[in-house]
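J.: Okay, predicted coordinates and the sequence, questions at the end:
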Amino acid sequence: MPARNAFYAQSGGVTAVINASAAGVIEAAREHPEAIGTVYAGVNGILGALHEQLIDTAHESAQTIAALRYTPAGAFGSARYKLKGLEENRAEYERLIEVFRAHDIGYFFYNGGGDSQDTAQKVSQLGEAMGYPITCIGVPKTVDNDLPVTDTCPGFGSVAKYIAVATREAGLDVASMAETSTRVFILETMGRHAGWIAAASALAQDREDAPPHVILLPEVALDEQRFLDRVQACVERIGYCVVVVSEGLRTADGQFVADQGTRDAFGHAQLGGVAPAVASMVRDRLGYKYHYAIADYLQRAARHIASATDVEQAHALGRAAVELALAGHNAVMPTVVRESGSPYRWHVGQVPLEAVANREAKMPASYIDAEGLFVTEAALRYLRPLIAGEDYPPYRDGLPEYARLRGERVAPRCPPFRD
């Protein structure tokens with residue numbers, strides 16, 4: 001059977017290590033020229049296929065592809081774009097097949113979260129229905145760590161490390177100034193429905209009464225009085241309080257504290273500003289001087305302090321996606337399978353896309369303390385290995401040196417897409 005080409009795309013919010021997965025995919029594909037011809041990358045994710053904007057990665061040197069392992073963000077561009085169901089908008093899926101057919105693409109590697117795995121599954125189903133053989137493999141990615149089945153998601157370990165480091169360093173700052181300045185510091189993290197990122201801040205606590213002192217999670221409805229009582233007790237005991245709050249914090253009636261009233265392309269509520277909302281509670285009810293910080297993009301772009309474990313897993317799962325495809329698998333996603341926590345050992349597994357598509361894994365109740373204001377030792381045992389190790393990028397003139405792609409486009413062969 002002659003070699004067929006591959007299409008790789010990045011989807012949703014990017015991470016510090018999504019390009020490491022891209023490197024894994026491209027490098028593994030290059031090792032099998034008898035089966036995979038050219039790897040095309042979509043410009044801005046799945047939009048690159050819909051609009052036939054493809055990058056020919058064959059024009060990128062081996063050194064440049066290897067450098068993707070050290071480069072944050074989405075090297076080929078990503079997008080928050082959710083394809084509708086097959087019944088709602090079959091035209092989009094048929095367009096994908098049209099472009100794939102025009103460029104003899106037989107492999108589709110989609111690097112993203114639960115929504116992206118749903119898209120990969122649907123493309124696989126439609127390809128079969130249309131008589132066009134296409135192997136679809138999901139490559140897991142999400143800073144939120146909310147994909148089910150896999151022990152962890154590439155992207156999470158590095159965000160967890162960043163938040164833990166930021167919490168420890170900011171905590172030292174606040175402690176040194178608390179007598180005459182800020183009493184309460186609030187750090188807002190990402191995490192819409194799952195509190196894994198905020199929970200990781202607990203790794204900073206290296207001694208009794210060290211920050212963080214309170215963690216507010218989406219899994220636990222905010223009890224304002226209980227929260228304020230904890231903050232006040234902390235300030236009275238040690239002089240200050242560090243709070244870490246997930247953007248997805250909800251009230252008792254299920255409403256997001258920071259709901260902006262708009263939706264993104266995936267239909268998710270646009271969140272932002274939970275830290276100032278919590279700060280207002282502290283000011284109005286307790287009268288303490290406060291400061292807050294919103295980590296926002298900084299937490300997911302911080303490749304300079306990435307977790308070595310995270311980088312290794314992201315790269316390995318990119319390679320595994322190609323290996324699964326060449327072994328004849330379809331509509332599956334490689335996973336991280338934990339063998340033991342201490343010492344940390346893991347291997348690559350696999351799961352059908354239908355088991356992860358449009359599904360979320362929240363923190364289990366056993367990882368949250370009885371008052372819902374901190375995490376348990378079981379959570380810390382789970383989290384510790386995921387931030388282990390340093391994998392610094394190369395530096396030049398005092399700054400990280402990241403990959404720069406040539407990004408040569410492929411000439412279109414299909415008529416323009418009208419969406």
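T.: Perfect, thanks for sending it. Numbering: from 1, shown residues only.
J.: Glu92: which element?
T.: Here Glu92 sits within helix 90-102, counting by DSSP states H and E.
J.: how far does that helix sit from the chain's center?
T.: Offset of helix 90-102 from its chain centre (CA atoms, centre = their mean, to the nearest Å): 27 Å.
J.: Next: stretch 36-52.
T.: Here stretch 36-52 shows a centroid-to-chain-centroid distance of 21 Å under the convention CA atoms, centre = their mean.
J.: what's the span of it from first residue to last?
T.: Start and end residues of stretch 36-52 are separated by 20 Å (CA to CA, to the nearest Å).
J.: what about the helices in this structure?
T.: Per DSSP state H, the chain carries helices over the ranges 18-30, 47-50, 62-67, 90-102, 114-129, 156-177, 196-200, 224-238, 274-286, 296-301, 308-326, 377-383.
J.: Please identify the most buried of those helices.
T.: Of the helices of the chain, the one with the most neighbours on average (mean count of other CB atoms under 10 Å) is helix 196-200, at a mean of 30. The C-beta positions use only the backbone N, C-alpha and C, and glycine is treated the same way.
J.: what residues are up against Glu390?
T.: Contact analysis of Glu390 by CB atoms under 8 Å, 6 or more residues apart in numbering lists 305-306, 308.
J.: typo on my end, Thr71
T.: Neighbouring residues of Thr71 by CB under 8 Å, 6+ apart: 19, 303, 393, 402-403.
J.: In those residues, which residue is surrounded by the most others?
T.: Neighbour counts for the contacts of Thr71 (other CB atoms under 10 Å) peak at Asn19, which has 31 neighbours.
J.: any idea how far Thr142 is from the residue nearest to it when sequence neighbours are not counted?
T.: Leaving aside its sequence neighbours, Asn19 sits nearest to Leu68 (CB to CB, 6 or more residues apart in numbering; 4.1 Å). Distance of Leu68 to Thr142, given as CB to CB, to the nearest Å: 19 Å.
J.: still on that earlier bit, what are the C-alpha coordinates of the helix holding Glu92, in CSV please?
T.: C-alpha atoms of helix 90-102 as CSV (Å, rounded to 0.1, in the frame of the first residue of the first chain):
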residue,chain,number,x,y,z
ARG,A,90,-22.9,17.6,7.7
ALA,A,91,-21.4,20.1,5.2
GLU,A,92,-18.5,20.9,7.5
TYR,A,93,-17.5,17.3,7.9
GLU,A,94,-18.0,16.7,4.2
ARG,A,95,-15.7,19.6,3.5
LEU,A,96,-13.0,18.0,5.7
ILE,A,97,-13.2,14.8,3.7
GLU,A,98,-13.1,16.8,0.5
VAL,A,99,-9.8,18.5,1.6
PHE,A,100,-8.4,15.2,2.9
ARG,A,101,-9.2,13.5,-0.4
ALA,A,102,-7.7,16.3,-2.4
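J.: for that helix, packing partners?
T.: helix 47-50, strand 105-112, helix 114-129 (3 or more CB pairs under 8 Å, 6 or more residues apart in numbering; DSSP states H and E).
J.: how about a cut-off of 10 Å?
T.: Packed against helix 90-102 by the contact rule (3 or more CB pairs under 10 Å, 6 or more residues apart in numbering; DSSP states H and E) you find strand 4-10, strand 36-42, helix 47-50, strand 105-112, helix 114-129.
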